[in-house]
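Participant: Kindly generate the corresponding structure for this input.
(one chain, ligands or ions: 1)
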Amino acid sequence: MASTTLVGLSWRSNVSPGLSSSPCSSQCSPRRVSSQINMAISVDKKKFTLQKSEEIFNAAKDLMPGGVNSPVRAFKSVGGQPIVIDSVKGSHMWDIDGNEYIDYVGSWGPAIIGHADDKVLAALAETMTKGTSFGAPCVLENVLAEMVISAVPSIEMVRFVNSGTEACMGVLRLARAFTGRQKVIKFEGCYHGHADPFLVKAGSGVATLGLPDSPGVPKAATIDTLTSPFNDVSTVENLFESNRGEIAAIILEPVVGNSGFIAPKPGFLNALRQITKENGALLIFDEVMTGFRLAYGGAQEYFGITPDLTTLGKIIGGGLPVGAYGGRREIMEMVAPAGPMYQAGTLSGNPLAMAAGIQTLKRLKEPGSYQYLDEVTGELIQGILDAGKRTGHQLCGSYISGMFGFFFTEGPVYSFGDAKKSDLAKFARFYRGMLEEGVYFAPSQFEAGFSSLAHSKEDIKRTVEAAERVFQQL
Ligand SMILES: Cc1ncc(COP(=O)(O)O)c(C=O)c1O
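Facilitator: Reported below is the predicted structural model:
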């Protein structure tokens, strides 16, 4: 018997009167997108081939470890030939063989207003006429910093870096410096980048490849990393009990995206806020994924819980390499050169990344953005779950705004342990079927999906129809 569970955490479900039913504002270049879509629709599906992708990827394997520069891209957990991308626009992408896909990866999160947005490209072109890197203060840093500070409740001061990994490394050092304590609690299946102290029961590629840990990480680097299952308050309480006065911080993805999509149970984030306060520890939200995605002010605005420190990345760089960490002024003033905690970066505050980030946030701030994300993502997940039910598959799934996930298990999924009950072989078959149908999801059951303002109702309809055809063949 089929069984489906939808945990739709719908937010602001009333669509504002001003919201256009078309997701594409002028900067999405709808004419170009739709003509490309029409061309692709007329291509005979039987012609789907990945011959050129295969040639390029085979060459890459001799040049770069596994043929990639980030592990999950290699399709190890879903098998088959990874696609080699030629171009992206709006909600679509094209591979080197000329196949077109509706994209739900969005470069792993940044493309929330659609790929290659015209206003972002124009801002980049304009900024580039002045140079590509200054290694010195520039006015664009102030603009983006002000936007981030006014949007994210916990952030009174911010430091820009070049990736989410760097942001998490910096924030951990800062939490330890501020509290004078060493230990940190992280949750199983949460990913905070690839710095040594976080490679303990990590999600994302570590989970996808089934790596318990990574060789090369010294014991000394992880000895102070304590772990708990996500959504498990009593384990966290016990850890505080047995490590009295030693825990600097709890760090977590407030909504997990790196074990697939897992939302916090009601009261979980509140409990963490209370426990950290009572024990003189800091609460860190890693919002590299959820920042500006669940709401303009991130998960902390969505759930109304203000952490002490926050990390950001992805969206705030509009598709260029960026990261950031920020928080209360008294904590941030410990960061060099205002204070003694050292952290630096040659390309930090890069003008191109700042310019792309500014344009992206401007677009997101327009009225109706998050209502639209909520609407299309809800339709997508409900459509997929219904199609799964009609075709006799056990599925569960959920979403918030532009972030979603579904698992090949009855559910509910509250932790990485629950996520691992998913039928991974079935997911892999589904994945490859969807690819041939022209739909690109993240190539792992343990990654969340992302929609964007450029995803049209037609994209969603086509995706759901494709899913039903593929489910029928599983
Ligand atoms: C929650 C979270 N934190 C940190 C990171 C690391 O960011 P980056 O890949 O930019 O180093 C990621 C990457 O996906 C992430 O999802």
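Participant: which non-adjacent residue is nearest whichever residue of the stretch 1-150 of the chain sits closest to the ligand?
Facilitator: Nearest residue of the stretch 1-150 of the chain to the ligand: residue 108, at 5.7 Å (C-beta to the nearest ligand atom). In short, each C-beta sits where N, CA and C put it, glycine included. Closest residue to residue 108 apart from its sequence neighbours, by C-beta to C-beta, 6 or more residues apart in numbering: residue 314 at 6.9 Å.
Participant: Assess the claim that the one you found and residue 109 are in contact.
Facilitator: Yes: contact status for residue 314 versus residue 109: in contact at 3.9 Å, counting by C-beta atoms under 8 Å.
Participant: Model confidence for the residue of the stretch 1-150 of the chain closest to the ligand, exactly?
Facilitator: Note for residue 108: predicted pLDDT of 98.
Participant: Over to the one 10 residues further on?
Facilitator: Reported pLDDT at residue 118 in the predicted model: 98.
Participant: going forward, begin numbering at 306 instead of 1
Facilitator: Got it, first residue is 306 now, which makes that one residue 423.
Participant: For burial, what's the neighbour tally of it?
Facilitator: 17 (other C-beta atoms under 10 Å).
Participant: ditto for residue 442
Facilitator: Neighbour count of residue 442, defined by other C-beta under 10 Å: 9.
Participant: Could you do residue 434 as well?
Facilitator: Residue 434 has 6 neighbours, counted by other C-beta under 10 Å.
Participant: and the gap between the residue nearest to residue 413 and residue 605?
Facilitator: Counting by C-beta to C-beta, to the nearest Å, the gap from residue 619 to residue 605 is 16 Å.
Participant: which of those two has more neighbours?
Facilitator: residue 619 (28 against 24).
Participant: Would you mind measuring from that one to residue 597?
Facilitator: From residue 619 to residue 597 the distance is 8 Å (C-beta to C-beta).
Participant: show me where pLDDT drops low in the stretch 406-555 of the chain?
Facilitator: 509-517 (pLDDT under 70).
Participant: Assign the residue sitting nearest the centre point of the chain to helix, strand or coil.
Facilitator: By C-alpha atoms, centre = their mean, the chain has its centre lying nearest to residue 594, at 3.4 Å. Under DSSP: H, G, I helix; E, B strand; the rest coil, residue 594 falls in the coil class.
Participant: List the contacts of the helix or strand that contains residue 607.
Facilitator: Taking DSSP states H and E as the definition, residue 607 sits inside helix 603-608. With contact meaning C-beta atoms under 8 Å, 6 or more residues apart in numbering, helix 603-608 is reached by 316, 456-459, 559-560, 569, 574, 590, 592, 595-597, 599-600, 611-612, 615, 617, 705-706.
Participant: What is the helix or strand encompassing residue 687 packed up against?
Facilitator: Per DSSP H and E: residue 687 is located in helix 674-695. When contacts are defined as 3 or more C-beta pairs under 8 Å, 6 or more residues apart in numbering; DSSP states H and E, helix 674-695 sits against strand 309-313, strand 700-705, strand 708-712, helix 762-778.
Participant: for it, the distance to its chain's centre please.
Facilitator: Centre-to-centre, helix 674-695 and its host chain are 18 Å apart (C-alpha atoms, centre = their mean, to the nearest Å).
Participant: List the buried residues for it?
Facilitator: By neighbour count with 16 or more other C-beta atoms under 10 Å, helix 674-695 contains the buried residues 674-694.
Participant: Tell me what angle that helix forms with strand 708-712.
Facilitator: 10 degrees (axes from the mean of the first three to the mean of the last three C-alpha atoms, to 10 degrees).
Participant: Return the alpha-carbon coordinates of helix 674-695 using PDB.
Facilitator: The C-alpha trace of helix 674-695 is given here as PDB (Å, rounded to 0.1, in the frame of the first residue of the first chain):
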ATOM      1  CA  SER A 674       8.800  36.800  -3.300                       C
ATOM      2  CA  TYR A 675       8.400  34.300  -0.400                       C
ATOM      3  CA  GLN A 676       4.700  33.800  -0.900                       C
ATOM      4  CA  TYR A 677       5.500  32.800  -4.500                       C
ATOM      5  CA  LEU A 678       8.300  30.400  -3.400                       C
ATOM      6  CA  ASP A 679       5.900  28.900  -0.900                       C
ATOM      7  CA  GLU A 680       3.200  28.400  -3.500                       C
ATOM      8  CA  VAL A 681       5.300  26.800  -6.200                       C
ATOM      9  CA  THR A 682       7.200  24.600  -3.800                       C
ATOM     10  CA  GLY A 683       4.000  23.400  -2.100                       C
ATOM     11  CA  GLU A 684       2.500  22.500  -5.500                       C
ATOM     12  CA  LEU A 685       5.700  20.600  -6.400                       C
ATOM     13  CA  ILE A 686       5.900  18.600  -3.200                       C
ATOM     14  CA  GLN A 687       2.200  17.900  -3.000                       C
ATOM     15  CA  GLY A 688       2.200  16.900  -6.700                       C
ATOM     16  CA  ILE A 689       5.100  14.500  -6.200                       C
ATOM     17  CA  LEU A 690       3.600  12.900  -3.100                       C
ATOM     18  CA  ASP A 691       0.200  12.500  -4.800                       C
ATOM     19  CA  ALA A 692       1.900  10.900  -7.800                       C
ATOM     20  CA  GLY A 693       3.800   8.600  -5.500                       C
ATOM     21  CA  LYS A 694       0.600   7.600  -3.800                       C
ATOM     22  CA  ARG A 695      -1.200   7.000  -7.100                       C
END
